[in-house]
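A.B. asks: build me a model from this:
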Amino acid sequence: MRLLIVEDNAELSRLVAAGLSAAGYESDIVGSAAEAREAVSSVSYAAMILDLGLPDGDGLSVLRELRRQMEPLPVLVLTARGGLQDRVSGLRSGADDYLAKPFAMEELVARLEAILRRPGQLLGRSLHLANLVYDTESRQIFVDDQPRIISARETSVLEILLRRQGRVVPKKNVEDHIFGLEGEVASNAVEVYVSRLRKQLAEHGAKVVIHTIRGVGYLMAEEK
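C.D. replies: Have a look, this model is predicted:
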């Protein structure tokens, strides 16, 4: 699950990304309001962690703009502005939660997970389909209750397809989930990882199938 960290303090953003990585989340980091807008427009994120004191504007302006555009992206505000009126203003501007600095990493992760567990969001401890189970916290995969090993990139593909099982996942969403803002990605990269995932699942005896919807994306379903 990929998150966007909007924070102009490079050391703090690095520490937050490291803490999120330890909790099983991948992150992209940007340091300005302009970069945040560009990232959200080009990548499908599970949630945003937003600082308010950005060098080119107030983070609340980014938040209000997202909500005016009816963008449902969950946003956790992380800021030094911890006063009551600051918190109220942030929540009324569309924040899903508000955490003042300094903070404990454990609390940040817990608040983020609480947001993502809300109806319509992406987090669930275990994802099931047929005889396949994926534990989102340990990133461990089980087939017929036996642990199986699948490589990291293919696990990322598996996660997004399982979260939307029975529905078509656009190829661009799969690419974003794997690579985020990493830069140039080979045009056939997603196809390669989906092909490898199919092979590994078949080798492990998983009774699932990944359909390619030509020109659109992929759909995971139980094998008939």
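A.B. asks: run through this protein and note the low-pLDDT ranges.
C.D. replies: Judged against pLDDT under 70, the low-scoring parts of the chain cover residues 119-125, 137, 181-184.
A.B. asks: could you chop it up by domain?
C.D. replies: 2-117, 126-222 (the TED database).
A.B. asks: can you redo these as a markdown table with mean neighbour count?
C.D. replies: For every residue, glycine as well, the C-beta is placed using N, CA and C. Listed next are the domains of the chain as a markdown table, based on neighbours: other CB atoms under 10 Å:
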| stretch | mean neighbour count |
| --- | --- |
| domain 2-117 | 17 |
| domain 126-222 | 16 |
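A.B. asks: doesn't Leu162 make contact with Leu129?
C.D. replies: Yes - at 6.0 Å, Leu129 counts as touching Leu162 under the criterion of CB atoms under 8 Å.
A.B. asks: overlap of the contact sets of the two?
C.D. replies: The overlap between the contact sets of Leu129 and Leu162 (CB atoms under 8 Å, 6 or more residues apart in numbering) consists of Met220.
A.B. asks: what's the helix or strand for Arg153?
C.D. replies: Arg153 belongs to helix 152-163 when assigned by DSSP states H and E.
A.B. asks: what's in contact with that helix?
C.D. replies: For helix 152-163, the surrounding residues in contact (CB under 8 Å, 6+ apart) are 1, 26, 122, 124, 127, 129, 132, 134, 136, 139, 141, 150, 169, 173-174, 177-178, 190, 193-194, 196-197, 200-201, 210, 218-220.
A.B. asks: for the next helix or strand after that helix, which strands pair with it and how are they oriented?
C.D. replies: Where DSSP H and E defines the elements, the next helix or strand beyond helix 152-163 is strand 169-170. The strands beside strand 169-170 in its sheet (DSSP bridges) come out as strand 217-222 (antiparallel).
A.B. asks: for Leu3, see how far away the residue lying closest to Glu154 once chain neighbours are set aside is.
C.D. replies: With CB to CB, 6 or more residues apart in numbering as the measure, Leu197 is the residue that lies nearest to Glu154, at 4.2 Å, once sequence neighbours are left out. Counting by CB to CB, to the nearest Å, the separation of Leu197 from Leu3 is 23 Å.
A.B. asks: okay then, goodbye and thanks.
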